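[1] pasting the sequence and the predicted model now:
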Amino acid sequence: MFNRILSILVVVGLPLSVIGSLMHWNALLLFAIYCLTIIGLASFMGRATESLAIVAGPRIGGLLNATFGNAVELIISIFALKAGLISVVLASLTGSVIGNLLLVAGLSFFVGGLKYKRQKFNEYDARHNSGLLMFAVIVAFVIPEVFAQTMNDTDTLTLSIGISIIMIGLYLAALFFKLVTHRGVYQKKEEQIEEHESPEWSGKIATIILFLATIAVAYVSENLVHTFETVAHELGWSELFIGVIVVAIVGNAAEHASAIIMAYKNKMDVAVEIAIGSTLQIAMFVAPLLVLISLLFSEKMPLVFTLPELIAMATGVLLMIVISNDGDTNWFEGATLLAAYVIMGIGFYLL
């Protein structure tokens with residue numbers, strides 16, 4: 001039923017997106033159409049990725065889901081960079097970090113916890129990811145902000161480029177560590193028994209759907225970016241709120257749905273890998289990559305966030321580490337993460 005509704009969003013939304021952009025419909029109407037269409041397309045990307053990942057195990061499955069889920073936001077951010085909307089891009093990165101850690105993980109823990117009293121996942125992976133989260137947000141994001149206070153713009157950008165290259169290198173090393181040199185080393189015996197599951201689509205069909213959905217998302221995303229300024233003016237929203245809440249939720253719709261479904265099926269290793277793995281990919285790969293891509297445009301993007309953005313991300317990381325390090329969760333822990341996200345959302349709205 002849920003997939004049918006999302007399919008209708010694509011079938012109806014995609015033609016309306018093309019017609020509306022050509023006929024210059026009202027910006028608010030187009031904004032709503034574009035967002036709903038991207039959510040529908042993201043669901044197709046999530047389902048295609050899940051089909052490709054069924055035989056690959058929870059780690060690679062979660063990585064694939066996070067990668068193609070983040071592809072939507074990366075595409076939106078590149079067009080926003082091209083339009084010079086640096087603050088929207090930084091805000092959307094913030095929104096992705098707190099959205100994945102608090103909203104996606106929170107909903108997964110909550111929904112799964114309503115069905116199961118306790119849900120377990122690999123605590124070794126959780127602890128490994130905790131260290132990377134601390135590095136990515138507390139170290140790599142805070143350091144540029146601190147040093148930027150006494151630097152000029154050129155030096156700040158140079159520092160951001162250096163940090164970005166290091167972060168991408170460490171992220172690739174982390175993948176090599178988890179998927180090659182230490183694959184299965186910290187795996188529990190009960191996790192080695194894999195449940196047989198049939199993919200929704202064959203590998204060939206899933207690949208074609210993934211390719212076509214990505215192209216469609218790129219087209220709709222470029223048009224979506226052009227509505228931001230009008231929407232902000234008409235609704236009284238700040239670019240910060242649009243980036244942190246709206247763009248982040250729309251851009252990560254695929255993995256939002258996938259993580260919750262996995263938690264409901266009691267596949268918590270996959271759900272946690274999607275939520276935390278996606279956060280790490282945003283912080284250690286997507287954000288640095290956008291800094292490097294911005295060098296191609298007239299306005300360059302340093303890796304310098306505002307104080308509210310930094311505090312929100314650091315708080316989300318610390319809360320997630322405390323809750324997830326024991327490899328055990330329940331609905332109340334999910335509710336705690338969701339409450340933190342709502343509090344931050346209200347704060348960003350009122351800024």
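    Noted; the coordinates are in hand.

[2] what's the spacing between the helix or strand harbouring Ala271 and its chain's center?
    Assigned by DSSP states H and E, Ala271 belongs to helix 268-281. Helix 268-281 has its C-alpha centroid displaced from the chain centroid by 10 Å (Cα atoms, centre = their mean, to the nearest Å).

[3] other SSEs contacting that helix?
    helix 57-82, helix 86-98, helix 105-115, helix 123-133, helix 153-176, helix 253-264, helix 307-324 (3 or more Cβ pairs under 8 Å, 6 or more residues apart in numbering; DSSP states H and E). Using the backbone N, CA and C atoms, a C-beta is placed for each residue, glycine as well.

[4] tell me the contacts of the nearest residue to Gly243 once chain neighbours are set aside?
    Using Cβ to Cβ, 6 or more residues apart in numbering and skipping residues adjacent in sequence, the residue nearest Gly243 is Ala91, 2.5 Å away. Ala91 is in contact with Glu239, Leu240, Phe241, Ile242, Gly243, Val244, Val247, Glu309, counting by Cβ atoms under 8 Å, 6 or more residues apart in numbering.

[5] please redo it, this time with the cut-off set to 10 Å
    Taking Cβ atoms under 10 Å, 6 or more residues apart in numbering, we find Ala91 in contact with 80, 85, 238-248, 305-306, 308-309, 348.

[6] about what we covered before: contact partners of the helix or strand following the helix holding Ala271?
    Using DSSP H and E, the helix or strand that directly follows helix 268-281 along the chain is helix 287-293. Contacting residues not belonging to helix 287-293 are listed as 73-74, 77-78, 80-82, 86, 89-90, 92-94, 96-97, 136, 140-141, 144, 157, 160-161, 163-171, 281-282, 300-303, 305 [Cβ under 10 Å, 6+ apart].

[7] and with 6 Å instead?
    Defining contact as Cβ atoms under 6 Å, 6 or more residues apart in numbering, one finds that helix 287-293 is touched by Ser77, Leu93, Ser160, Ser164, Met167, Ile168, Met301, Leu303.

[8] from those residues, pick the one nearest Gly20.
    Top of the list for closeness to Gly20, among those and by Cβ to Cβ, is Ser77 at 22.5 Å.

[9] need the pLDDT of the closest one.
    Note for Ser77: predicted pLDDT of 87.

[10] give me the buried entries from the contacts of Ala91.
    Using 16 or more other Cβ atoms under 10 Å as the burial test, the contacts of Ala91 include 80, 85, 238-248, 305, 308-309, 348 as buried.

[11] gap between whichever helix or strand Val342 is part of and the chain center?
    According to DSSP H and E, Val342 maps onto helix 331-350. The chain centroid and the centroid of helix 331-350 are separated by 17 Å under Cα atoms, centre = their mean.

[12] try stretch 260-277
    14 Å.

[13] which of the residues in that stretch are buried?
    For stretch 260-277, a neighbour-count test (16+ other Cβ under 10 Å) marks 260-263, 267-277 as buried.

[14] swap in stretch 171-179?
    So for stretch 171-179, counting by 16+ other Cβ under 10 Å, buried means Tyr171, Ala174, Leu175, Lys178.

[15] one more: stretch 102-118?
    Quick answer for stretch 102-118 (16+ other Cβ under 10 Å): Leu102, Leu103, Val104, Ala105, Gly106, Leu107, Ser108, Phe109, Phe110, Val111, Gly112, Gly113.

[16] distance check, the fifth one against Ala91.
    From Gly106 over to Ala91 the distance is 20 Å, taken as Cβ to Cβ, to the nearest Å.

[17] again with the third one
    Applying Cβ to Cβ, the value for Val104 to Ala91 is 18 Å.

[18] same thing with the last one?
    When Cβ to Cβ is the yardstick, Gly113 and Ala91 sit 30 Å from each other.

[19] ok, the second one next?
    With the distance defined as Cβ to Cβ, Leu103 ends up 15 Å from Ala91.

[20] and the pLDDT for Val185?
    Val185 is assigned a predicted lDDT (pLDDT) of 66.

[21] over to the one 5 residues further on?
    Reading off the confidence values, Glu190 has pLDDT 47.

[22] same check, this time on Met344
    We note a pLDDT of 93 for Met344 in this prediction.

[23] my guess is it contacts Ile311. True?
    No. Between Met344 and Ile311 there is no contact under Cβ atoms under 6 Å: 9.2 Å.

[24] which of those two has more neighbours?
    Taking other Cβ atoms under 10 Å, Met344 and Ile311 do not tie; Met344 has more neighbours (24 against 14).

[25] look up how far Val244 lies from the spatially closest residue to that one that is not a sequence neighbour.
    Excluding the flanking residues, the one nearest Met344 by Cβ to Cβ, 6+ apart is Ala312, at 5.0 Å. In this view, Ala312 and Val244 are 8 Å apart by Cβ to Cβ.
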